[in-house]
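Colleague: just need the structure, nothing else, for what follows:
(2 chains)
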Amino acid sequence: MSASDAMSDPNLIAADDDEAAERRIRRCATIWRWALAAGIIAGWEILTRLKIIDPYYFSSPTTIVNTAYVAATQGTLFVDIGYTSASTIVGFIIGVAAGALLGLSTWWSGVYGRVSEPYLVTFNAIPKLALAPILIILFGIGFESKVALAVALTIVPAALAAYGGVKSVDKDLETLLFSLGASRFQVFAKVVVPWAMPWIVSSLRVNIGLALAGAIVGEFIASRFGVGRMILYAGQVMDINLVWVGVVVLSILALVMYAAVMTAERYLLKGMLHGSQIGTQ
Amino acid sequence: MSLTIPEGRLVSLIGPSGCGKSTLFNIIAGLLRPTSGDVLADGKSIVGRPGYVAYMLQKGLLLPWRTIIDNIILGAEVRGVPKKESIARAQPLIDRYGLAGFEHHYPHELSGGMRQRTSLLRTMLYDRDVVLLDEPFGALDAQTRLLMQSWLLQVWSDLSKTILFVTHDIDEAIYLSDEIYVFTARPGRIKAHIDVSLPRPRGQDAVTSSQFMDLKRQLLGLLNDEARIAERQESLQ
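Modeller: Predicted coordinates:
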């Protein structure tokens, strides 16, 4: 189709307009996002200064920044952030890897897969944070117990995701591999694992948040370091400004980790999805 | 039933749907065990031994996350042939069969005909003397189908394999085959064994020769009865 065709076709012009409108909406939304964030912070600051809301309970952005500065220079804020990040990431990796292996292993036996499904679902429904005191007793008040909690929270969602992938594997592709004389292990490695990968990757986003929650609860219960411990300590000494520092730091931490996982996910899925699996199923 | 397939021939099996052609293929390919009977290759039983023959399943079936070249060498990879070696073997065939330039594309980026050529090439490069093709062109449009048929004849004469071919299409069966087995409706038995003595190489004009027409008439007669029986069976279920 030539350019003049495109000009004379009213549908195409409309489509062009749609695209321009779409771009305008996106730009507008970005501006509003930042404006809203700035507005909330400014409003918070102003309202606490005017004592319309009580600065004792709600602190204020400038106080939080100042408190954070003190905590960072004279306290152990950076150590705490590192500690919480490390236990989250280690727990996330172990939990996702173990969960994925668990879910993938169901392929090897139909009976085993069916037997484990209700257990996975049940364990998924249990509030695993209730296990925290036991895990602390088991693993001590150090790094291990925080990792254990993060693992406890992430392992089942990852296993369920992998199990979902395994259940949906195209039987014809398995037959194809068998017809080529492949062993069970080759079928597993060349069909089942790549097929289930997008499912596992899609569970990462939820799991990074769960891992962080696990690590923080672990620090709440018993710990010498971590942002969670800092919040608990600040609460106990009524240093509400420091509690707010903890909340803000955790929010930023969660955002950064979420963004990192999203980027990794997009990258991973690009290499795996080729008009297949999720979407066509 | 008993079939004997001489080496180097292209033999078609034709019959109404549900007569067990695919089951027969699964048995020959070693994926299913027959309740009785045996499959012999060069006098030795190959029952329950997948990988002895090259088998192209009905749906073509490519692994969507693998590029074309990686799909083509899948069979060799399963057998443990080094990747470099099998790529080197595949490359001339890729060029020759119209897939050049698409080696690093993914299956969904290719046309149906190219995907089918890819899985055919994979089947051929599996390097077995006997090749089973289960309705390889069933899902293609008429034009592509004709192209693929001449392409298959080319591959066959290049690689000198024994090919067993399942089809519903009488024209296709006659055009391609040396021999045709006609199956009855369920329970599938061999109804007729027809020799196709059309001279080779066969061009596209072979399909309009009087010899071709005679064969077609004969096959249509044989199949019509069976199709009617098969239809009645189906509507009774």
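Colleague: burial of the nearest residue to A:Ala158 once chain neighbours are set aside, as a residue count?
Modeller: Here the nearest residue to A:Ala158 in space, its sequence neighbours aside, is A:Gly99; by CB to CB, 6 or more residues apart in numbering or on different chains that works out to 2.8 Å. Heads up, the C-betas are built off the backbone N, CA and C, glycines and all. Residues within reach of A:Gly99, counting by other CB atoms under 10 Å in any protein chain shown, total 25.
Colleague: please apply the same query to A:Ile134.
Modeller: By the other CB under 10 Å criterion, the neighbourhood of A:Ile134 contains 12 residues.
Colleague: same thing with A:Ile41?
Modeller: By other CB under 10 Å, the residues close to A:Ile41 number 14.
Colleague: was I right about it contacting A:Pro61?
Modeller: Yes - contact between A:Ile41 and A:Pro61 holds when scored by CB atoms under 8 Å: they sit 5.1 Å apart.
Colleague: what parts of chain B come near chain A?
Modeller: Residues of chain B lying near chain A by CB under 8 Å from any CB of the partner chain: B:29-31, B:50-52, B:55, B:57, B:59, B:61, B:63-65, B:74-75, B:77-79, B:106-108, B:126.
Colleague: before we move on, which element is residue 145 in?
Modeller: If you meant another chain, say so; for now it's chain A. A:Ser145 is part of helix A:143-167, with elements assigned from DSSP states H and E.
Colleague: actually chain B
Modeller: Assigned by DSSP H and E, B:Arg145 belongs to helix B:142-159.
Colleague: pull the CA atoms of that helix into PDB?
Modeller: Coordinates of each C-alpha in helix B:142-159 appear next as PDB, following Å, rounded to 0.1, in the frame of the first residue of the first chain:
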ATOM      1  CA  ALA B 142      -3.800 -27.300  -1.800                       C
ATOM      2  CA  GLN B 143      -1.100 -25.200  -3.400                       C
ATOM      3  CA  THR B 144       1.500 -25.700  -0.700                       C
ATOM      4  CA  ARG B 145       0.600 -29.400  -0.600                       C
ATOM      5  CA  LEU B 146       1.500 -29.800  -4.300                       C
ATOM      6  CA  LEU B 147       4.800 -28.100  -3.700                       C
ATOM      7  CA  MET B 148       5.500 -30.200  -0.700                       C
ATOM      8  CA  GLN B 149       4.700 -33.400  -2.600                       C
ATOM      9  CA  SER B 150       7.300 -32.700  -5.300                       C
ATOM     10  CA  TRP B 151       9.700 -31.600  -2.600                       C
ATOM     11  CA  LEU B 152       9.200 -35.000  -0.800                       C
ATOM     12  CA  LEU B 153       9.900 -36.900  -4.000                       C
ATOM     13  CA  GLN B 154      13.100 -34.900  -4.400                       C
ATOM     14  CA  VAL B 155      14.200 -35.600  -0.800                       C
ATOM     15  CA  TRP B 156      13.300 -39.200  -1.200                       C
ATOM     16  CA  SER B 157      15.400 -39.600  -4.400                       C
ATOM     17  CA  ASP B 158      18.300 -37.700  -2.800                       C
ATOM     18  CA  LEU B 159      18.400 -39.700   0.400                       C
END
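Colleague: how far does that helix sit from the chain's center?
Modeller: Here helix B:142-159 is found 11 Å from its chain centre; the criterion is CA atoms, centre = their mean, to the nearest Å.
Colleague: show the average pLDDT along the helix or strand following that helix.
Modeller: Taking DSSP H and E as the definition, the helix or strand that follows helix B:142-159 towards the C-terminus is strand B:162-167. The predicted model assigns strand B:162-167 a mean pLDDT of 90.
Colleague: which helices and strands sit right next to strand B:162-167?
Modeller: The elements that strand B:162-167 packs onto, with contact taken as 3 or more CB pairs under 8 Å, 6 or more residues apart in numbering or on different chains; DSSP states H and E, are strand B:10-14, helix B:21-28, strand B:130-134, helix B:170-176.
Colleague: those: which one's closest to A:Gly103?
Modeller: Nearest to A:Gly103 among the helices and strands packed on strand B:162-167 is helix B:21-28 (29.8 Å), distances taken as CB to CB.
Colleague: sweet, I'm off.
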